[in-house]
Each structure stands twice: as structure tokens, then as C-alpha cells.
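> What follows is a protein structure lacking sequence information:
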């Protein structure tokens, strides 16, 4: 569900949007990467929300669409169905001509550098780090910015997820392999995120990676080749590596970890990078989408409480809440 404020940016061309459909959830790290790629390439698409808070990614209709994937997103273009976020970004860049080149040719030095950094960044277990901080909140330097009630819900839902997936595998034998694969992946991650020492180990590894990126950015900054005021990972070119790095920085800020990983006195280049990212129009669209997601979740909660309540009372209540949020955003 998209806000009216961003609908023109996302679906201005009805013909194009009918050819492309994105199944996603705005706060999902992988979804944000794909959204940023779509916005950068100016691809029009039909949005389909898959609520992680309401377990829609574990429902049979979605498992049929994405049997091997753990969460979201899934991108559908004509008859092509793609679930791996990096494959989606590659496909978008290869298929649509508008916007910047996100994945430079591997025959070039730039392409090889982008591929190497993408590989390094994509091996960071962002979901483990996220849930690790939620399960061990004292690991956050300035305090996790996810609302406490949401954190509690995430902890409870993760613990219940294993039983729920096993139940679904029994109830839907035709999807048994998909459910059991998801259950096994969830169990492995649960073992890590509930172990404080393992989470600390992941956080330490991430610190090393960001130190390497800071040094790389300093070498780019020192080059006389670029006069563009906005310098990204590889100079003026905003690439697929920048997409992942941007979403990573956003997640670290949300978890209250920016003072550990990129304070201005220690990592001035990454700090500058994040500040210029906040001004980038495509990134701001995603932030607006996340802010307006609350309205959608309220409506989903109403439907979950009772299908009989989704009548006049539900519509009026949702309208009042929507008015309150929109008024708050304008202020």
C-alpha cells in the first residue's frame, strides 16, 4: 500500500506498472534494496504489500510464489519471477534503460570493484545483527530506535515462527519442502541471535568491514578525478554497491549503532556519505513509505481482530488515524 504522496512517483505509467509487480515489506532490508534500485532506475511497478508483522510471508500463496526464499521481496516482470534481491537488482539494471547504470560491466575496473564490494556487503548477516540487538538491547550504544512494543512483538514472533512453519508443513504437504527449508533456516538464525557471544562476534566483524570501507572511501576522496560534490563509494557513480551500503547505514542508525560504526571523528567519510544520502530523493521516498506504513498496519490489525469489524467502524477509525498521521507528517 502506497501513500498518495508517492503514488505519482511509483505508478505514473499504468502500462509499465501492469508489467511489473513487487511483493515487499517497507522495513525489510532486502525490500529496501530492491525499492531503491527501482526508484534509481525509474521503473514503474505495482506494489503488493507482504506484511511480516502478520505472517503473510508464511502463508501458502506466498510460499508458492517464493518457495526457497526466507522473507521478501519477490519481483515479477511479465513471466519472470525473481526472489533473490541481488538477482532482482541485476535484472532491473539489465532490463530497464532509464536511470544510472547500477551494475557496471565486469570487463571494467569499476565493474570489478563494485562486484567485490557487493559481495562483501551481501555477506553481512543484517537480519542476525538486527534481531541480535533486539534480543540483547544493551549491545546498542545509544539505544535501539525501534519502538519497544514492536521489539517485543518481533522477539515473540521469531520464537513462534518455528512451530508455525512446522504446523504449516503438516497442513500443506504439497508445500512441505518449502516450509521445512524455511524452518531450518529460522532455527539456525535463532541459535545465533539468542547467543550473546555470537552476536558480539558478528558486530566485531562488521566493525572491520566498515573500517575497510572508510579507508577505500578516503582513497576515492583523495583522487583528483572527481569534481562532483556528492562522492559515493566509487566517486560520482551511485551503484548497486551503494544501494546495499545505504540500506546498511540506515539499519545501523535504526539500531542505535551509528556512534560505534561511523562517528564523524573516526569515520568522517562514511559520516559524510550518510548525510548526503539523507538528501537523495530516491532514499527519501523509501523513508516516506516506511513512515506511512503505520496506516496499513492499523488496517491489517483491524482485519485480524475480527472480519466483522471491517465495516463502517473500521473505515471511520482508520480514516481518523490516517488524518492524525498525515497532519503530524506535515508538521
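Good, I have the coordinates. These figures come from a predicted structure and were not determined experimentally.

> following the longest helix seen in the chain, which helix or strand comes up?
The residue-count maximum for a helix in the chain (DSSP state H) belongs to helix 196-222. Heading C-terminal from helix 196-222, the first helix or strand you meet, by DSSP states H and E, is helix 240-254.

> who does that following helix touch, helix- and strand-wise?
Judged by 3 or more C-beta pairs under 8 Å, 6 or more residues apart in numbering; DSSP states H and E, helix 240-254 is in contact with helix 29-40, helix 85-95, helix 109-122, helix 126-135, helix 258-261, helix 268-277. From N, CA and C alone the C-beta is placed, and that goes for glycine too.

> If you count neighbours, what's buried in the longest helix of the chain?
If you call a residue buried by 16 or more other C-beta atoms under 10 Å, then helix 196-222 has these buried ones: 199, 202, 203, 206, 209, 210, 213, 214, 217, 220.

> Look up how far residue 121 lies from the first one.
If you measure residue 199 against residue 121 using C-beta to C-beta, to the nearest Å, the figure is 19 Å.

> ok, now the second one?
For residue 202, the distance to residue 121 under the criterion C-beta to C-beta works out to 14 Å.

> can you check the fifth one too?
Shown here: residue 209 relative to residue 121, a distance of 8 Å by C-beta to C-beta.

> just the last one next, same as before
Counting by C-beta to C-beta, the gap from residue 220 to residue 121 is 16 Å.

> okay, and for the stretch 201-331 of the chain, where does confidence drop off?
Scanning the stretch 201-331 of the chain for pLDDT under 70 picks out 223-228, 293-331.

> let's see 50
In the predicted model, the stretch 201-331 of the chain carries pLDDT under 50 at residues 299, 304-319, 323, 325, 327-331.

> Now distance to residue 195 too, for the helices and strands packed on helix 240-254, in TSV please.
Below are these laid out as TSV (distance: least, C-beta to C-beta, whole Å):
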stretch	distance to residue 195
helix 29-40	21
helix 85-95	26
helix 109-122	23
helix 126-135	9
helix 258-261	20
helix 268-277	28
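
> Relative to residue 184, which of the ones you listed is closest?
Using C-beta to C-beta as the criterion, the shortest distance between residue 184 and those is 15.1 Å, found for helix 126-135.

> From the contact counts, what lies against the closest one?
When contacts are defined as 3+ C-beta pairs under 8 Å, 6+ apart, helix 126-135 packs onto helix 29-40, helix 148-171, helix 176-193, helix 196-222, helix 240-254.

> Centroid-nearest residue for this protein?
residue 29 (2.1 Å; C-alpha atoms, centre = their mean).

> That one reaches residue 252, doesn't it?
No: contact criterion C-beta atoms under 8 Å: residue 29 and residue 252 do not qualify, at 11.1 Å.

> how close does residue 263 get to residue 209?
Between residue 263 and residue 209 the computed distance is 16 Å (C-beta to C-beta).

> Mind checking what secondary structure residue 21 has?
strand (DSSP: H, G, I helix; E, B strand; the rest coil).

> quick one: residue 111 and residue 237, what's the gap?
When C-beta to C-beta is the yardstick, residue 111 and residue 237 sit 11 Å from each other.

> what is in contact with the two at once?
In the contact map built from C-beta atoms under 8 Å, 6 or more residues apart in numbering, the residues linked to both residue 111 and residue 237 are residue 104.

> what about those two, which has more around it?
residue 237 (18 against 15; other C-beta atoms under 10 Å).

> Figure out the helix or strand that the residue nearest to residue 42 when sequence neighbours are not counted lives in.
Computed as C-beta to C-beta, 6 or more residues apart in numbering, the closest residue to residue 42 that is not its neighbour in sequence is residue 98, at 4.4 Å. Assigning secondary structure by DSSP H and E places residue 98 outside every helix and strand.

> was I right about residue 98 contacting residue 41?
Yes: here residue 98 reaches residue 41: they are 5.7 Å apart, a contact under C-beta under 8 Å.
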